[in-house]
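> predicted model, plus sequence, below.
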Amino acid sequence: MGAEVDKGQEEASRHHEATLAGLYEEYYSKIARYALVHIGNRTEAEDLAGEVFVRALDSLKLYKERGIPMQAWLFRIAHNLMVDHLRERAKHKTVPIDTLQIESDMSPATIAEKNIEFERVTRAMEQLTPAQKEVIGLRFFGGLTSKEVGQILNKSDGAVREMQRAAIESLRKLLATESTSFGE
């Protein structure tokens, strides 16, 4: 019987590894975008996204199917790593000099406009509640459905949609107020 249990655990482990490899292809960029919104630095966000999958692989033997999809588990790992990263960053305030990455097919003016718009949205998002920031980050930058976000945050699908609606409404007001004050 012990050999059967070991074989079953081995099969489950291979299945989880294959699932994780597939999720890497599908979710790496979504996790990186989610982290970018909170961290504000593309290189650090990409590093964090990679670290999510390293941690997931290291913890794969401990992963248990509990009705929550593995991608929700990945975003929970990402959230915890991001909190740790931001806490550590607060201790060591630095200004990165390489935050602007120029892509060859974009003009400097286009890059500047995108950076300004990203900064506007980031400033506005800082004024949202932590829960609203989390929902916006997971839904739009992580690309998750409201049901998946609900599983991560332990909220109902409807509660997530309501939080999203309130957050978007707040963002619209904040961005409109900012635009009005620049026009004066």
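Thanks, I have it. Numbers count the residues shown, from 1 in each chain.

> report the mean per-residue pLDDT for stretch 176-184.
Averaged across stretch 176-184, pLDDT comes to 64.

> same check on stretch 105-119?
Stretch 105-119 shows a mean pLDDT of 76 in the predicted model.

> send the alpha carbons of that stretch over as CSV?
Presented in CSV, the C-alpha positions along stretch 105-119 are these (Å, rounded to 0.1, in the frame of the first residue of the first chain):
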residue,chain,number,x,y,z
ASP,A,105,9.5,51.2,-32.3
MET,A,106,8.3,54.0,-30.0
SER,A,107,9.2,57.7,-30.4
PRO,A,108,10.5,59.5,-27.3
ALA,A,109,7.4,61.7,-27.3
THR,A,110,5.1,58.6,-27.2
ILE,A,111,7.2,57.1,-24.4
ALA,A,112,7.0,60.3,-22.4
GLU,A,113,3.2,60.5,-22.9
LYS,A,114,2.8,56.9,-21.8
ASN,A,115,5.0,57.4,-18.7
ILE,A,116,3.0,60.6,-17.8
GLU,A,117,-0.3,58.7,-18.1
PHE,A,118,1.0,55.8,-16.1
GLU,A,119,2.2,58.2,-13.4
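
> same question for that stretch: list its buried residues.
Along stretch 105-119, no position meets the burial threshold by neighbour count (16 or more other CB atoms under 10 Å). (Each C-beta comes from the backbone N, C-alpha and C, glycine too.)

> where does residue 87 land on pLDDT?
Note on residue 87: pLDDT of 82.

> can you check residue 4 too?
For residue 4, the pLDDT comes out at 59.

> how about residue 166?
Residue 166 is assigned 93 on the pLDDT scale.

> and it, how many neighbours does it have?
15 (other CB atoms under 10 Å).

> need the helices for the protein, in chain order.
If you assign secondary structure with DSSP state H, the helices in the chain sit at 2-39, 42-58, 70-91, 108-126, 130-136, 146-153, 157-183.

> tell me the most buried of those?
Mean neighbour count (mean count of other CB atoms under 10 Å) peaks for helix 146-153 among those, with a mean of 20.

> just the CA trace of that helix, in PDB.
As requested, C-alpha coordinates have been extracted for helix 146-153 and formatted as PDB (Å, rounded to 0.1, in the frame of the first residue of the first chain):
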ATOM      1  CA  SER A 146     -14.000  38.700 -11.000                       C
ATOM      2  CA  LYS A 147     -14.600  35.100  -9.900                       C
ATOM      3  CA  GLU A 148     -10.800  34.400  -9.700                       C
ATOM      4  CA  VAL A 149     -10.300  37.600  -7.800                       C
ATOM      5  CA  GLY A 150     -13.000  36.600  -5.400                       C
ATOM      6  CA  GLN A 151     -11.300  33.300  -4.800                       C
ATOM      7  CA  ILE A 152      -8.000  35.100  -4.000                       C
ATOM      8  CA  LEU A 153      -9.600  37.700  -1.800                       C
END
